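# sequence unknown, structure follows:
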């Protein structure tokens, strides 16, 4: 009886491991897995992330001169202490989610004015609340996408906002 249990558990483990590789026979097994016995080890992600989004903004002064683009980090640096205490986690997670939401909305070509959507307004509100060191009268943001950690390609343009008064 013990041997049968070991064989069943070993087979289950092997099938589970192979299913992560998207192998054709395991796709058939997953299609017929009515009790969800074959796990998906994506660790709470809908699919593995292969690209990063970058939120950048710039301000315009009263003379109409646009400043340099500045990036707002959408992820915190990983530290051991951050696993215990990370008060910025909700802010960066929320900002990351609204950026991703605006990217998805921007693919809808039937929508004419994105500036009335919740993700757009949330990003604009956050950027407008950032303390400025100089006299700025307008702000504008842009979303870029990069592929991989050590990408050799420049980031890809995804979205550019209108200029908004501060």
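Done, it's in. In this text, all values refer to a predicted model and were calculated from it rather than measured experimentally. Residues are numbered from 1 along each chain as shown.

# For the chain, give me the ranges with low pLDDT.
22-23, 41-50, 148-151 (pLDDT under 70).

# now the helices for it?
Remark: helices assigned in the chain by DSSP state H are 2-19, 24-31, 89-106, 118-128.

# Tell me how far residue 35 lies from residue 6.
21 Å (CB to CB, to the nearest Å). Where C-beta positions appear, they are placed from N, C-alpha and C, glycine not excepted.

# which of these two has more neighbours?
A count of neighbours by other CB atoms under 10 Å puts residue 6 above the other of residue 35 and residue 6, at 10 against 5.

# gap between the more buried one and residue 13?
Residue 6 is 10 Å from residue 13, by CB to CB.

# Please apply the same query to residue 92.
Distance from residue 92 to residue 13, counting by CB to CB: 36 Å.

# These two: who's more crowded?
residue 92 (15 against 10).

# was I right about that one contacting residue 77?
No: contact criterion CB atoms under 8 Å: residue 92 and residue 77 do not qualify, at 10.5 Å.

# Give the intersection of the neighbour lists for those two.
Contact criterion CB atoms under 8 Å, 6 or more residues apart in numbering; residues shared by residue 92 and residue 77: none found.

# list the contacts for residue 103?
Contacts for residue 103 were tallied using CB under 8 Å, 6+ apart; they are 53, 143, 145, 158, 159.

# When you filter those down to buried only, what's left?
Neighbour counting with 16 or more other CB atoms under 10 Å marks 53, 143, 158, 159 as buried within the contacts of residue 103.

# list the contacts for the third one?
Contacts for residue 158 (CB under 8 Å, 6+ apart) come out as 53, 103, 106, 143, 144, 145.

# Show me the two of these that sit farthest apart.
106 and 144 (12.5 Å; CB to CB).

# Perfect, I'm done here.
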